[in-house]
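Engineer: just a sequence and a predicted model for now, questions to come.
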Number of protein chains: 2
Amino acid sequence: MYERKSLPNLNCGLDLIGEVLYGKWKIRLLWFINEGYKRPSELQRKIPDASRRVLNIQLNELEEHELITRKIYPVVPPKVEYSLTKLGKTVIPVIAALGNWGDQNEGQLRSVISKRLSSESE
Amino acid sequence: MYERKSLPNLNCGLDLIGEVLYGKWKIRLLWFINEGYKRPSELQRKIPDASRRVLNIQLNELEEHELITRKIYPVVPPKVEYSLTKLGKTVIPVIAALGNWGDQNEGQLRSVISKRLSSESE
DNA sequence: ACAATAGGGGAGAAATTTATCCCTATATGA
DNA sequence: TCATATAGGGATAAATTTCTCCCCTATTGT
């Protein structure tokens, strides 16, 4: 695991939520776990653009931050299931608010994003 | 400016909001602009941990994504003021939801974050 | 003359995050 | 016997983001 050279700022609520949710795939992981996709392999199939490695790392971090728990079944082949903790469940409505804003403004957002992407190569 | 080598995924609302809000200081910039801190130098004083350079870059991106507008006053020394656009104003309640969640769970969050930070050095 | 203030950009270093590749173990099915 | 599925870690490369340093403009105050 990478060891930080500088400490994060934790002054306000925004800093705190940023510290536990900042990560390319964490929000989606929480979302899909909430939808019932609990096993690592299921989550990897739901998020094919992420490498297996990073999903594991981010799942570990979510667990250390007590947003999810991991249950290991002592069977072969191995079976693991993640669930939201009490704290994790409370963050779902916040994620829903993010997704709703994106959905409601989909047209304009796609427009400005693609405009910026195409002007990048200038 | 950095030129991306891989394109972002823009499948759902979460991807879209991520694309315009992902950046270490963007949420805070929007928040402080909404609170009335409009000039770059004011924003830099409000966010002293960010380098001047990155704030400029992220302000530019927010402008290109049409969340804020820049008004330039033709005076010397130069004066610039940012304001939220119509789209930018609609994202403020979403940011508030993030901050509220962080505030409401401050105790537990500080605990788990510091636990993880201290175990990093093992 | 010189520093301070205001806004901003370029180059390159450093930090951080994500991706790739390889390796572990066991059971089942072809 | 060999591939597949399952979960996951180590080492290292690559991508991406952020930081540091330096430079430019013009005015006001010391």
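Structural biologist: Yep, it's here.
Engineer: check A:Met1 and give its pLDDT.
Structural biologist: For A:Met1, the pLDDT comes out at 52.
Engineer: which intervals of chain A have sub-threshold pLDDT?
Structural biologist: Applying pLDDT under 70 to chain A flags residues A:1-2, A:120-122.
Engineer: closest point of it to DNA strand C, which residue?
Structural biologist: Going by Cβ to the nearest atom of the strand, DNA strand C is nearest to A:Lys24 of chain A, at 2.8 Å. C-beta coordinates here come from the backbone N, C-alpha and C atoms, glycine included.
Engineer: do you know how far that residue is from chain B?
Structural biologist: Here the criterion is Cβ to the nearest Cβ, to the nearest Å. By it, A:Lys24 lies 8 Å from chain B.
Engineer: thought that residue was touching A:Ala50?
Structural biologist: Yes - in terms of Cβ atoms under 8 Å, A:Lys24 counts as a neighbour of A:Ala50; the distance is 7.1 Å.
Engineer: residue contacts, the most centrally placed residue in chain A?
Structural biologist: Chain A has A:Lys26 as the residue nearest its centroid, 1.3 Å off, counting by Cα atoms, centre = their mean. For A:Lys26, the contact set (Cβ atoms under 8 Å, 6 or more residues apart in numbering or on different chains) comprises A:Val20, A:Gln58, A:Glu61, A:Leu62.
Engineer: got it, and A:Glu35?
Structural biologist: Not one residue lies near A:Glu35 by Cβ under 8 Å, 6+ apart.
Engineer: next: the one 3 residues further on.
Structural biologist: Taking Cβ under 8 Å, 6+ apart as the definition of contact, the neighbours of A:Lys38 are A:Glu81, A:Tyr82, A:Ser83.
Engineer: A:Lys24 and A:Ala50 - which one has more neighbours?
Structural biologist: Ranked by neighbour count (other Cβ atoms under 10 Å in any protein chain shown), A:Lys24 and A:Ala50 place A:Ala50 first, with 18 against 14.
Engineer: re the thing from before, just the buried ones from the contacts of A:Lys38?
Structural biologist: A:Tyr82 (16 or more other Cβ atoms under 10 Å in any protein chain shown).
Engineer: narrow the contacts of A:Lys38 to those in strands?
Structural biologist: Using DSSP state E, the subset of those located in strands is A:Glu81, A:Tyr82, A:Ser83.
Engineer: please report how far the residue of chain A closest to DNA strand C lies from A:Val54.
Structural biologist: Note on A:Lys24: its distance to A:Val54, by Cβ to Cβ, to the nearest Å, is 7 Å.
Engineer: also A:Thr85?
Structural biologist: A:Thr85 is 22 Å from A:Val54, by Cβ to Cβ.
Engineer: of these two, which one has the most company?
Structural biologist: A direct count of neighbours by other Cβ under 10 Å for A:Thr85 and A:Val54 places A:Thr85 higher, at 16 against 13.
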